[in-house]
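Asks: one predicted model, sequence on top.
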Amino acid sequence: MIAAEKDLNAVSELGHWDVERIRRDFPVLHQTVNGKPLAYLDNAASSQVPQLVIERGTRYLREEHSNIHRGVHYLSQRATSAYEGAREKVRRFINAREARECIFVRGATEGINLVMHGYGRKFVGPGDEIVISEMEHHANIVPWQMLCEEKGARLRVIPMNDAGELLLDEYEALLNERTKIVAVTHVSNALGTVNPIKEIVRIAHARGIPVLVDGAQAAPHLPIDVQDLDCDFYAISGHKMFGPTGSGVLYGKAELLERMNPFMGGGDMIRSVTFERTIYAGLPNKFEAGTPAIASQIGLGAAIDYLNSIDRAAAYAYEQELLRYATERLSSIEGVRVIGTAREKASVISFTVENVHPHDIGTILDQEGIAIRAGHHCAQPVMQHFKIPATARASFAFYNTKEEVDRLAAAIEKVIEVFN
Ligand code: PMP
């Protein structure tokens with residue numbers, strides 16, 4: 001038995017992580033695809049939803065559905081209290097000081113765009129600089145590029161090494177009196193790298209520069225404490241953390257959010273409107289124009305209830321063992337190259353297979369009932385760094401198993417056989 005396999009068994013033997021019991025919470029996992037049991041290894045794109053979240057969504061639609069905030073009637077008050085209750089769950093989950101610092105958005109993309117419009121368009125001018133990193137998702141590149149184009153500002157990029165780790169000395173050297181914001185990912189979706197966010201924030205704050213953290217890939221795995229990180233903004237997507245699509249949060253420090261412009265104008269974000277002048281509402285409503293995704297955000301609250309009900313430290317340890325095991329299995333296959341070998345990684349493994357396009361890998365794996373993702377993962381600069389067009393990517397959640405990793409490795413061996 002190889003070492004990683006032994007460790008993995010130890011986790012379950014000790015009773016810390018009963019993966020079979022956890023799998024029963026996720027109905028979607030129990031189906032066959034192309035005649036094979038589904039092995040869902042595409043969690044970095046969207047994770048699956050537990051029964052608790054499904055039931056909470058159903059209860060909302062059956063018993064509580066109504067528009068929020070403006071209604072005086074019973075159903076509206078119930079929907080409002082469920083929606084605001086979800087906000088309080090988010091606050092505790094990320095340890096924000098106040099619930100009004102948690103803005104409901106459709107996902108990380110919308111959260112980052114909110115900061116670009118609300119903060120960037122107000123405070124960034126010609127000649128100013130915005131610092132991002134080489135491993136960002138397009139969601140944390142394109143909005144800043146749009147801003148630079150509009151304002152005549154300049155995008156600066158923190159480079160990474162070939163393991164997929166950011167070069168912090170170079171980062172520090174990039175910062176200067178023109179830097180208006182630093183925007184970096186907590187965990188890379190293409191490489192799995194976990195970045196030293198606390199250190200990144202400390203370095204920026206020493207120069208008075210605010211930091212936005214793209215937490216889309218961190219929230220499903222790591223404990224998030226925005227006060228401890230001391231970041232100024234933190235964006236998350238509900239559908240990557242066992243909640244519904246259309247849910248997400250942009251955390252921002254109240255004093256910054258208060259100084260920012262609203263992102264969108266419309267109902268619910270105002271205190272008063274005349275044709276001469278509109279006075280905006282306070283936080284968080286100032287940033288939540290129109291009818292929000294009420295059912296989705298209530299579902300996100302339920303996903304947080306679910307995460308609070310499990311032993312997250314044990315879940316993380318288990319995921320780390322899965323990652324270690326998968327890395328060992330895949331690296332030992334001739335022709336497989338693992339892309340992203342940082343010392344600190346979350347459970348994402350990107351790889352290429354010699355002479356086979358990642359899309360072909362994905363298609364053949366699908367025939368085996370194995371769901372992975374193939375492509376540039378909305379991180380084309382990462383592909384450019386490694387001089388490859390795309391990777392295949394398996395990403396694990398705490399409901400995946402060692403057997404699924406074995407099936408993945410066997411299917412890759414089959415791919416190599418077919419193409420050679
Ligand atoms: N950032 C990262 C690191 C991501 O992985 C993703 C989703 N792949 C996003 C941002 C965008 O998230 P969403 O599509 O939920 O807005």
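Replies: On my side now, so go ahead. Residues are numbered from 1 along each chain as shown.
Asks: got the end-to-end distance for stretch 383-391?
Replies: With C-alpha to C-alpha, to the nearest Å as the measure, stretch 383-391 spans 8 Å from end to end.
Asks: contacting residues around that stretch?
Replies: 134, 160, 162, 190, 339, 350-352, 357-359, 374-377 (C-beta atoms under 8 Å, 6 or more residues apart in numbering). Backbone N, C-alpha and C define where each C-beta goes, glycine included.
Asks: is any residue of that stretch near the ligand?
Replies: No: judged by C-beta under 6 Å from any ligand atom, stretch 383-391 and the ligand are separated, with a smallest distance of 13.8 Å.
Asks: pLDDT averaged over that stretch - what is it?
Replies: Averaging pLDDT along stretch 383-391 yields 98.
Asks: that one: which residues count as buried?
Replies: Judged by neighbour count (16 or more other C-beta atoms under 10 Å), stretch 383-391 contains these buried residues: 383, 385-386, 390-391.
Asks: how about the residues of this structure by the ligand?
Replies: Near the ligand, when you scan the chain using C-beta under 6 Å from any ligand atom, you find 107-109, 137, 139-140, 185, 189, 214, 216-217, 237, 378.
Asks: of these, closest to residue 28?
Replies: Using C-beta to C-beta, residue 237 comes nearest to residue 28 of the residues of the chain next to the ligand, at 18.2 Å.
Asks: counting neighbours, what do you get for the closest one?
Replies: 29 (other C-beta atoms under 10 Å).
Asks: ok, residue 420 next?
Replies: The tally of other residues near residue 420 (other C-beta under 10 Å) stands at 11.
Asks: ok, it touching residue 334?
Replies: No: judged on C-beta atoms under 8 Å, residue 420 makes no contact with residue 334 at a distance of 10.0 Å.
Asks: so what's the closest residue to residue 95 other than its chain neighbours scoring on pLDDT?
Replies: Distance criterion C-beta to C-beta, 6 or more residues apart in numbering; nearest residue to residue 95, sequence neighbours excluded, is residue 225 at 4.4 Å. Turning to residue 225, the model gives it a pLDDT of 98.
Asks: next: residue 70.
Replies: On pLDDT, residue 70 comes in at 77.
Asks: that older thread, of all the buried residues of stretch 383-391, which two lie farthest apart?
Replies: The distance between the two most remote of the buried residues of stretch 383-391 (C-beta to C-beta) is 13.2 Å, for 385 and 390.
Asks: from residue 68, how far off is the residue in the stretch 251-400 of the chain that the ligand sits nearest to?
Replies: Residue of the stretch 251-400 of the chain nearest the ligand, by C-beta to the nearest ligand atom: residue 378 (5.8 Å). For residue 378, the distance to residue 68 equals 32 Å [C-beta to C-beta, to the nearest Å].
Asks: so if I had to pick from those two, which one is more boxed in?
Replies: Between residue 378 and residue 68, counted using other C-beta under 10 Å, the more crowded position is residue 68 (20 against 17).
Asks: ok, and the closest non-adjacent residue to that one?
Replies: Nearest residue to residue 68, sequence neighbours excluded (C-beta to C-beta, 6+ apart): residue 80, at 4.3 Å.
Asks: surely the residue nearest to residue 95 meets residue 96?
Replies: No: using C-beta under 8 Å as the test, residue 225 is too far from residue 96 to be in contact (9.4 Å).
Asks: how many residues are close by the residue nearest to residue 68?
Replies: Around residue 80 there are 18 other residues, counting by other C-beta under 10 Å.
Asks: which residues in the stretch 101-250 of the chain form helices?
Replies: Taking DSSP state H, counting those that start in this stretch as the test, the helices found in the stretch 101-250 of the chain are 108-115, 121-123, 142-151, 168-174, 197-205, 226-229.
Asks: now the fourth one: average pLDDT?
Replies: pLDDT averaged over helix 168-174 equals 98, rounded to a whole number.
Asks: how far off centre is that helix?
Replies: 25 Å (C-alpha atoms, centre = their mean, to the nearest Å).
Asks: list the buried residues in it.
Replies: So for helix 168-174, counting by 16+ other C-beta under 10 Å, buried means 171, 174.
Asks: now for it, which elements pack on it?
Replies: When contacts are defined as 3 or more C-beta pairs under 8 Å, 6 or more residues apart in numbering; DSSP states H and E, helix 168-174 sits against strand 129-133, strand 154-158, helix 197-205.
Asks: in PDB, list the C-alpha atoms belonging to it.
Replies: What follows is helix 168-174 as a C-alpha-only set of coordinates in PDB (Å, rounded to 0.1, in the frame of the first residue of the first chain):
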ATOM      1  CA  LEU A 168       6.100  38.000  -3.200                       C
ATOM      2  CA  ASP A 169       9.300  40.100  -3.600                       C
ATOM      3  CA  GLU A 170       8.300  41.000  -7.100                       C
ATOM      4  CA  TYR A 171       4.800  41.800  -5.800                       C
ATOM      5  CA  GLU A 172       6.200  44.200  -3.200                       C
ATOM      6  CA  ALA A 173       8.400  45.900  -5.900                       C
ATOM      7  CA  LEU A 174       5.300  46.500  -8.000                       C
END
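Asks: may I see the buried residues of stretch 345-355?
Replies: 345-353.
Asks: quick check: mean pLDDT across it?
Replies: Stretch 345-355 shows a mean pLDDT of 97.
Asks: dump that stretch to PDB, keeping only the CA atoms.
Replies: C-alpha atoms of stretch 345-355 as PDB (Å, rounded to 0.1, in the frame of the first residue of the first chain):
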ATOM      1  CA  LYS A 345      -2.700  23.600  -2.700                       C
ATOM      2  CA  ALA A 346      -6.400  23.100  -2.400                       C
ATOM      3  CA  SER A 347      -8.000  20.000  -4.000                       C
ATOM      4  CA  VAL A 348      -7.500  20.900  -7.700                       C
ATOM      5  CA  ILE A 349      -5.300  18.800 -10.000                       C
ATOM      6  CA  SER A 350      -4.600  20.200 -13.500                       C
ATOM      7  CA  PHE A 351      -2.800  17.900 -15.900                       C
ATOM      8  CA  THR A 352      -1.900  17.300 -19.500                       C
ATOM      9  CA  VAL A 353      -1.300  14.000 -21.300                       C
ATOM     10  CA  GLU A 354       1.300  13.800 -23.900                       C
ATOM     11  CA  ASN A 355      -0.100  13.800 -27.500                       C
END
